[in-house]
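K.L.:
Just a sequence and a predicted model for now, questions to come.
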There are 2 protein chains.
Amino acid sequence: MPASYVYLGPEGTFTEVALRTLPESATRELVPMVSVPAALDAVRTGEAEAAFVPIENSVEGGITTTLDELVAGAPLMIYREVLLSITFALLVRPGTKLSEIKTVTAHPAAQPQVRNWMKANLPPDVVWESAASNADGARLVQEGRYDAAFAGEFAASRYGLEALETEIHDAENAQTRFVLVGRPARPAAPTGADKTSVVIWQRDDHPGGLRDLLGEFAVRGVNLMLLQSRPTGEGIGNYCFAIDAEGHISDRRVAEALMGLKRVCLQVRFLGSYPRADAAVAEMRPTLPGTSDAEFVAAADWVARCQDGRF
Amino acid sequence: MPASYVYLGPEGTFTEVALRTLPESATRELVPMVSVPAALDAVRTGEAEAAFVPIENSVEGGITTTLDELVAGAPLMIYREVLLSITFALLVRPGTKLSEIKTVTAHPAAQPQVRNWMKANLPPDVVWESAASNADGARLVQEGRYDAAFAGEFAASRYGLEALETEIHDAENAQTRFVLVGRPARPAAPTGADKTSVVIWQRDDHPGGLRDLLGEFAVRGVNLMLLQSRPTGEGIGNYCFAIDAEGHISDRRVAEALMGLKRVCLQVRFLGSYPRADAAVAEMRPTLPGTSDAEFVAAADWVARCQDGRF
């Protein structure tokens, strides 16, 4: 298997910065790809060992391109996640003044995070145009296509630009979540602060249907961390749901919840169990009584005794 | 073990009639007892093989004396249930006319089932007094203590009385449910139309607590047939819950629901799995998709494969 990680490029994206926080990235060749589908396809074909892509944003929610790619096609599995605080810098060609900026660019996902700052600080007639990525926006500024780009401060040196402003973020604690995606394999052992991702398709749409499906988690004390509806492509109102749940598939409560979904859903796609990037937060959250592995084992023993008349 | 069944006496109660519908009663000595606690104690001490007592009434609900006896003390188990349609006869000493009735008696549970009939047919100044049982009321009429008793028509000949009226029942289809209770043993094999009884104690009282506990059944497609709260004796607002659920403890969905309760409740008491008396009704009720034994097994296999990286 080729020891390369592909990622959403070009060089200088937040994605690359997040990827470099993973220790294992130091021993791999890191290859930028033009899009999320291209990166994931490289994994499916075996061209790359894994792909590193954004999947969730604390301001905008799930990143639909990535979710849709994971929902369809050959199964893939999430191995790791990385959380990166997102603050933007306003990058310009050296010498450009704030008052001279007529056009700005960035990835569309950046817009809601810089909108208020733009209103307060840039000329009212400034024109926004979308770029394929924040890094690509920086490249276009270098080429003279736009006057300024919102991007990571780290992109400035790469594109010969200057950061006029830094720490730009409308929302406090804006974060983007990235995942390292590979082909199906045995999930890494639980760390005690893990997360499990699945996609579920309802058998039929009826009142309370989703509530019932979420009950599969709730009744076993499994907290949900993400619920993102995605159209199935079979007409208005037809959705599947991408769900992140606390815990590891080797935790009894998580395994039983997944078994429950498997029984009652039309389809369930397992997307992996992997260490939480916010492990410290996970440890602070109280768990539901009676949902430890030991309690699951004791309860199974008790029912076996009842079934045998020894209670 | 003595081959005797005790039952709530005296002779001539609805309980005795219901008991005699069980084929196994023909081969046992049937012994009337003065009360439900006395009958159940005879089982606990080993004096009797089993006790036959009323537990639920379609007009009044759970029969609290019986429930409280099953909830506390040494564990007992329900082996069988019998449903009996309850219609009353008005029993009098031969020759008594309707207009001559000044006093009537019956078990208190009978009152709501004959109240309307009494208003319409008996003198307005008639006095009601409670008897220990309907059969005992008939005996008291025989002795001249009361003018009339509401009881089963079958009690007339036993106490030398005459049925002035029969088929008295305010509520259509009034039924009482009786159970045959013995010491813990391996439950009888499932028949395909079974019922499982448990008592649960919440770990703590919090908003949504009971809803969450009922979710243990709902999420696994197990219908509930009885939910009866009973005070725990630890102060106002402290209750346990007697629950009858459709299905047998050897059904995967029922076993998993019980395991769930065992994990999250302060205490769970298993009261038995036994054939439903209304088997025909049970077969008409649709089951929740994905909750068959085969689907539980397939789901467990699938999670095992996911845990092993083979999906």
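P.N.:
Cool, got the structure.

K.L.:
Up against chain B, what does the stretch 101-250 of chain A have?
P.N.:
Near chain B, the residues belonging to the stretch 101-250 of chain A are A:184-187, A:203, A:212, A:215-216, A:218-221, A:249-250 when assessed by Cβ under 8 Å from any Cβ of the partner chain. Bear in mind the C-beta positions are built from the backbone N, C-alpha and C, glycine included.

K.L.:
Tell me if residue A:84 really is in a strand.
P.N.:
Yes: the assignment for residue A:84 is a strand, going by DSSP: H, G, I helix; E, B strand; the rest coil.

K.L.:
now, which of the residues of the stretch 101-250 of chain A next to chain B sits nearest chain B?
P.N.:
residue A:186 (3.2 Å; Cβ to the nearest Cβ).

K.L.:
List only those of the residues of the stretch 101-250 of chain A next to chain B flagged as buried.
P.N.:
A:184, A:187, A:203, A:212, A:215, A:216, A:218, A:219, A:220, A:221, A:249, A:250 (16 or more other Cβ atoms under 10 Å in any protein chain shown).

K.L.:
Identify the residues contacting the second one.
P.N.:
Residues touching residue A:187, when contacts are defined by Cβ atoms under 8 Å, 6 or more residues apart in numbering or on different chains, comprise A:77, A:248, A:249, A:250, A:272, A:273, A:274, B:306, B:307, B:309.

K.L.:
6 Å - rerun?
P.N.:
A:272, A:273 (Cβ atoms under 6 Å, 6 or more residues apart in numbering or on different chains).

K.L.:
With the first one instead?
P.N.:
Residues counted as contacts of residue A:184 (Cβ under 6 Å, 6+ apart) are A:75, A:77, B:311.

K.L.:
Could you pull up phi and psi at it?
P.N.:
Backbone geometry at residue A:184, expressed as degrees, to the nearest 10, gives phi -50, psi 140.

K.L.:
so what's it scoring on pLDDT?
P.N.:
pLDDT, residue A:184: 95.

K.L.:
Quick one: the helices in the stretch 1-150 of chain A, in order.
P.N.:
A:14-19, A:36-44, A:64-71, A:111-121, A:134-142 (DSSP state H, counting those that start in this stretch).

K.L.:
Select, out of those, the one closest to residue B:268.
P.N.:
Checking the helices of the stretch 1-150 of chain A against residue B:268 by Cβ to Cβ gives helix A:64-71 as the closest, at 39.5 Å.

K.L.:
Kindly calculate the angle that that closest one makes with helix A:36-44.
P.N.:
Taking axes from the mean of the first three to the mean of the last three Cα atoms, to 10 degrees, one finds helix A:64-71 and helix A:36-44 inclined to each other by 30 degrees.

K.L.:
low-scoring stretches of chain A, by residue?
P.N.:
Applying pLDDT under 70 to chain A picks out residues A:1-2, A:60, A:205-208, A:235-237, A:280-287.

K.L.:
domains of it?
P.N.:
The record's domain parsing of chain A by automatic domain parsing lists A:1-85+A:174-185, A:88-168, A:186-311.

K.L.:
Those into CSV, with extra columns for distance to residue B:291?
P.N.:
Formatted as CSV, those follow (distance: least, Cβ to Cβ, whole Å):
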stretch, distance to residue B:291
domain A:1-85+A:174-185, 26
domain A:88-168, 42
domain A:186-311, 6
